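build me a model:
(chains A and B)
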Amino acid sequence: SQQGEEDPQALSIQEGENATMNCSYKTSINNLQWYRQNSGRGLVHLILIRSNEREKHSGRLRVTLDTSKKSSSLLITASRAADTASYFCATASFSGVQGAQKLVFGQGTRLTINP
Amino acid sequence: GAGVSQTPSNKVTEKGKYVELRCDPISGHTALYWYRQSLGQGPEFLIYFQGTGAADDSGLPNDRFFAVRPEGSVSTLKIQRTERGDSAVYLCASSLGGQGRETQYFGPGTRLLVL
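Okay, the predicted model is just below:
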């Protein structure tokens, strides 16, 4: 079963605009990670935010985390055509089994940047 | 350095056959994960290894699925008596493991098609 739910499922914007994607989850987490996927193959790690952090930046990416609302957002500023991809949030919780930390993914947001 | 590699890239098999999927993690990464991704969905956790042992196999769908990591490096996911519903992209990821070293790095995946 998948914990995260991304919103919107699809987003199409003009190059140069900002793109915001949201993720909600259901259980307590240790951290939340955002990944990008092109063409349905390997995932590229973008950013990790821990449960005791509220905001994190990496280049044109800004991630927020609200543990009281069990939600996170990913903002991509000044979007480029190369940002076209699917974006997934994934929550991580230690399972207590040798510190296992499996990721539970949402269904993703399909982002299209129009030139 | 080299990332996570997976072989084969694509595998087509017939219903009822046995298949093996291989994952070479990043050198020095003690944690290794297998995920399965169906079309239009986010990846779903299958199994996690810490070293040679399977620390969490709660995501394996049934006893037709089995994975090994005999020397704590390369892992093989084995599927017996394949069914059409097993068709998906099988993703492998590795991480250094432990608190503060949770980022998982994904391979390009193996696309399995069961006819």
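
give me the pLDDT for residue 23.
No chain in the question, so chain A it is. Here, the pLDDT recorded for residue A:23 equals 94.

switch to chain B, please.
98.

check residue B:100 too.
67.

what residues does chain B put near chain A?
B:4, B:31, B:33, B:35, B:37, B:39-45, B:48, B:50, B:53, B:55-56, B:59, B:89, B:91, B:93, B:97-99, B:102-109 (Cβ under 8 Å from any Cβ of the partner chain). In this view, the C-beta of every residue, glycine as well, is placed from N, C-alpha and C.

ok, of these, which come out buried?
B:4, B:31, B:33, B:35, B:37, B:41-45, B:48, B:50, B:55-56, B:59, B:89, B:91, B:93, B:97, B:102, B:104-109 (16 or more other Cβ atoms under 10 Å in any protein chain shown).

residue contacts, residue B:95?
By Cβ atoms under 8 Å, 6 or more residues apart in numbering or on different chains, the contact list for residue B:95 reads B:29, B:31, B:33, B:101-105.

make it 7 Å
For residue B:95, the contact set (Cβ atoms under 7 Å, 6 or more residues apart in numbering or on different chains) comprises B:29, B:31, B:101-105.

beta partners of the residue in chain A that chain B sits nearest to?
Per Cβ to the nearest Cβ, residue A:105 is where chain A lies closest to chain B, at 3.3 Å. Beta-bridge pairing for residue A:105 (DSSP bridges): residue A:90.

how much space between it and residue A:52?
22 Å (Cβ to Cβ, to the nearest Å).

tell me which of these two has more neighbours.
Shown here are residue A:105 and residue A:52; by other Cβ atoms under 10 Å in any protein chain shown, residue A:105 has more neighbours (24 against 9).

hmm, which of the contacts of residue B:95 is lowest in pLDDT?
Among these, residue B:101 has the weakest pLDDT, 72.

wait, what's in contact with it?
Residue B:101 touches residue B:95, counting by Cβ under 7 Å, 6+ apart.
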